[in-house]
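S.K.: Quick one: sequence and predicted model below, then my questions.
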Amino acid sequence: MEAVRNNIRTNCLIQELDKGLAWYIGTHITGGYKFLMQHYSEGDKICMFGFSRGAFTARCLAGMLHKVGLLPRSNMEQVEFAYSLYESREPEDVARARKFKQTFSSDVAVEFIGVWDTVSSVGFGAPLLPFNASETFIRTFRHALALDERRAKFQPNAWQYKQKCEHCFSLPRVQGDGVKNIEMLTEGIKYGHDSLCWCGDEKSYHNGELTDILEVWFPGFHADVGGGNEKNTERVTLANPSLRWMVTEILKSKCGVIFKRDAFMDWLPTLKRRIHAFKAVSKKPPPNDSSSHVEEQDFEEHTIEEEAGAKMYDMLSEKPRWWILEVLPLYQYWLGEDKQTTHGWRLNLGRPRKIDQHIPHLHTSVLRRRETYPGYKPEDRCTFRDQLKYVHEDDDLCIS
């Protein structure tokens, strides 16, 4: 029994260290990869979701699928080698990965990625892993970001736009207004580089349509927006606006994700009705959909004003031990006063996040929170404040 207890304690210690040091991030990525190997069938739509390190993992998994493809379910022995090709930045391994993909793998694409507050570093010792670099590999990308987080090891990791290819110096293609998909951004935080330059991506996915990208900032700290700071029994939380936005974006994209309508009954009845409305206009309603006939009940849903005014949890105040990392020099990337990317060692000292997108999108819940807290003005941290846009999930909704 003593040996069993020691083993349990050791496993618990390893799990806690993994949370901080991300020793096993590769295991999490290959775990998702193996799941797809076992369950993917031709014609399936791949959709990925995650929060924090789960968001980082989902985006890395998309990068791995783009770089080495998806192995057949009978070829588990090759997974570790495929991962080594994915994480390598050596030029010969980039070419080797392309040949590996052509020889052993299916060339799949990702339909939808929905993530909450991807952080630029998942811990000390975390590997520098590439995200996807293709302009078309992911059809839709949605990202909910936390406006108020300020911890040093929780720097936001937004979508990385590139102004030109490092290898052939070609410019990326532009779609629509030329801003929605290719914004004139700096290179930003460097955790999560492109895996391949687009000139080396011989295949165009999704009929050549550029990835539809939207990143929206919400009031709250990291786990306020992504969820986890409040008990499951708490109805009014800062996590609700981002959840409602994400679910609505999933429905708009028609990516095929099926929701149980009653899953939101007690918490967000408007989402319950919205899911029902989308199902009503669907050409192919999901089989055995008993949730479409859930009996209506009389709910009084909390308002967005109540949600936006909910309590925030600043971990630097709630758990002062986080200040240890604030007073240690850490290597960071940031936008200087000349609006150019710079990097180096610096003390974070609880510095709030800067919003560096050329066209920042803030959710309207920011405005609602200001009605409760007049001094709340996160837009002052926008580098390009004159381009600021406020968005709401109903802005372009086409159903009644």
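M.R.: On my side now, so go ahead.
S.K.: Give the buried residues for stretch 31-40.
M.R.: 32-33, 36-37, 40 (16 or more other C-beta atoms under 10 Å). (Glycine included, C-beta is placed from N, CA and C.)
S.K.: can I get the CA coordinates of stretch 83-102 in PDB?
M.R.: Presented in PDB, the C-alpha positions along stretch 83-102 are these (Å, rounded to 0.1, in the frame of the first residue of the first chain):
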ATOM      1  CA  TYR A  83       5.500  14.800 -34.300                       C
ATOM      2  CA  SER A  84       9.200  15.200 -34.500                       C
ATOM      3  CA  LEU A  85       8.900  16.400 -38.100                       C
ATOM      4  CA  TYR A  86       6.200  18.800 -37.100                       C
ATOM      5  CA  GLU A  87       8.100  20.400 -34.300                       C
ATOM      6  CA  SER A  88      11.400  20.600 -36.200                       C
ATOM      7  CA  ARG A  89      12.400  23.900 -37.800                       C
ATOM      8  CA  GLU A  90      15.300  22.500 -39.800                       C
ATOM      9  CA  PRO A  91      14.900  23.200 -43.600                       C
ATOM     10  CA  GLU A  92      15.600  19.500 -44.400                       C
ATOM     11  CA  ASP A  93      12.900  18.400 -42.000                       C
ATOM     12  CA  VAL A  94      10.400  20.800 -43.700                       C
ATOM     13  CA  ALA A  95      11.100  19.000 -47.000                       C
ATOM     14  CA  ARG A  96      11.000  15.700 -45.300                       C
ATOM     15  CA  ALA A  97       7.600  16.500 -43.700                       C
ATOM     16  CA  ARG A  98       6.200  17.300 -47.100                       C
ATOM     17  CA  LYS A  99       7.300  14.000 -48.500                       C
ATOM     18  CA  PHE A 100       6.100  12.100 -45.400                       C
ATOM     19  CA  LYS A 101       2.700  13.700 -45.800                       C
ATOM     20  CA  GLN A 102       2.500  12.700 -49.500                       C
END
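S.K.: Compute the mean per-residue pLDDT across that stretch, please.
M.R.: Averaging pLDDT along stretch 83-102 yields 92.
S.K.: Then stretch 142-152?
M.R.: Mean predicted confidence for stretch 142-152 is 97.
S.K.: Tell me how far it lies from the chain's centre.
M.R.: Remark: stretch 142-152 is offset 11 Å from the chain centroid, using C-alpha atoms, centre = their mean, to the nearest Å.
S.K.: Could you pull out the buried residues of stretch 247-264?
M.R.: The neighbour-count check on stretch 247-264 (16+ other C-beta under 10 Å) flags 247-253, 255, 259, 261, 264 as buried.
S.K.: ugh, wrong one, stretch 350-357
M.R.: 353, 355-357.
S.K.: Now L349: closest residue in space, sequence neighbours ignored.
M.R.: E326 (5.4 Å; C-beta to C-beta, 6 or more residues apart in numbering).
S.K.: Identify the residues contacting that neighbour.
M.R.: Shown in contact with E326 (C-beta atoms under 8 Å, 6 or more residues apart in numbering): 151-152, 316, 347-350.
S.K.: 6 Å instead?
M.R.: By C-beta atoms under 6 Å, 6 or more residues apart in numbering, the contact set of E326 is 152, 348-350.
S.K.: ditto for L362
M.R.: Neighbouring residues of L362 by C-beta under 6 Å, 6+ apart: 217, 390.
S.K.: what residue is smack in the middle of this structure?
M.R.: For the chain, V115 is the residue whose C-alpha lies nearest the centre (C-alpha atoms, centre = their mean; 2.7 Å).
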